[in-house]
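J.: Sequence and predicted structure are below.
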Amino acid sequence: MSRGNLPLPTDSELAILRVLWSRGPSTVRAVYDDLKSAKPVGYTTILKLMQIMAEKGLVRRNEEQRTHVYEAVAPRESTQRQIVGDLLDRAFGGSAMQLVMQALSAKRASPAEIEQIRRLLDQYGETRK
């Protein structure tokens, strides 16, 4: 299944994906242990969410061992791009400029981040010529 055909993850699913992206393929127990430190959550809730995510195609489950191991189907950047694309269309009418302006006004960027944004814009401008 290609990334474009995958549903957008919910907030809870995104939290699980973040764990899988940082840890790599993991058991439900490992994901649960990671998430419970941030907020109270039940093991069976995480298990059920990961089973639903497997049905949706967001994660892949390896059933070769007794303890199932889950991994994210799509890389972080691909999922982030899909979420931003959806937000861009729904909230900003497709205007990348409005999205960037609101993002920069919502949270102050550091001088290093501003410089990196400038470099990315310069690179983008060069590739568009």
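T.: Looks like it came in fine. Given the structure is predicted, the values throughout are model-derived calculations rather than measurements.

J.: Give the rounded mean pLDDT of the helix or strand containing residue 15.
T.: Secondary structure from DSSP states H and E places residue 15 in helix 11-23. For helix 11-23, mean pLDDT is 97.

J.: helices or strands up against it?
T.: In terms of contacts (3 or more Cβ pairs under 8 Å, 6 or more residues apart in numbering; DSSP states H and E), helix 11-23 is packed against helix 28-36, helix 43-56, strand 59-62, strand 69-72, helix 76-92. The C-beta positions use only the backbone N, C-alpha and C, and glycine is treated the same way.

J.: Export those as a markdown table, with columns for mean pLDDT.
T.: Listed next are the helices and strands packed on helix 11-23 as a markdown table, based on pLDDT from 0 to 100:
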| stretch | mean pLDDT |
| --- | --- |
| helix 28-36 | 97 |
| helix 43-56 | 97 |
| strand 59-62 | 95 |
| strand 69-72 | 97 |
| helix 76-92 | 95 |
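
J.: Out of these, flag the one nearest residue 12.
T.: helix 43-56 (5.8 Å; Cβ to Cβ).

J.: what is the orientation angle of the closest one with helix 28-36?
T.: Put simply, helix 43-56 runs at 110 degrees to helix 28-36, going by axes from the mean of the first three to the mean of the last three Cα atoms, to 10 degrees.

J.: then helix 43-56 to CSV, C-alphas only?
T.: Only the C-alpha atoms of helix 43-56 are listed here, as CSV (Å, rounded to 0.1, in the frame of the first residue of the first chain):
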residue,chain,number,x,y,z
TYR,A,43,-1.4,-1.8,28.1
THR,A,44,-4.5,-3.2,26.5
THR,A,45,-5.3,0.2,25.0
ILE,A,46,-1.9,0.3,23.3
LEU,A,47,-2.3,-3.3,22.1
LYS,A,48,-5.8,-2.6,20.6
LEU,A,49,-4.5,0.6,19.0
MET,A,50,-1.6,-1.2,17.4
GLN,A,51,-3.9,-3.9,16.1
ILE,A,52,-6.1,-1.3,14.5
MET,A,53,-3.1,0.4,13.1
ALA,A,54,-2.0,-2.9,11.5
GLU,A,55,-5.5,-3.3,10.0
LYS,A,56,-5.3,0.2,8.6
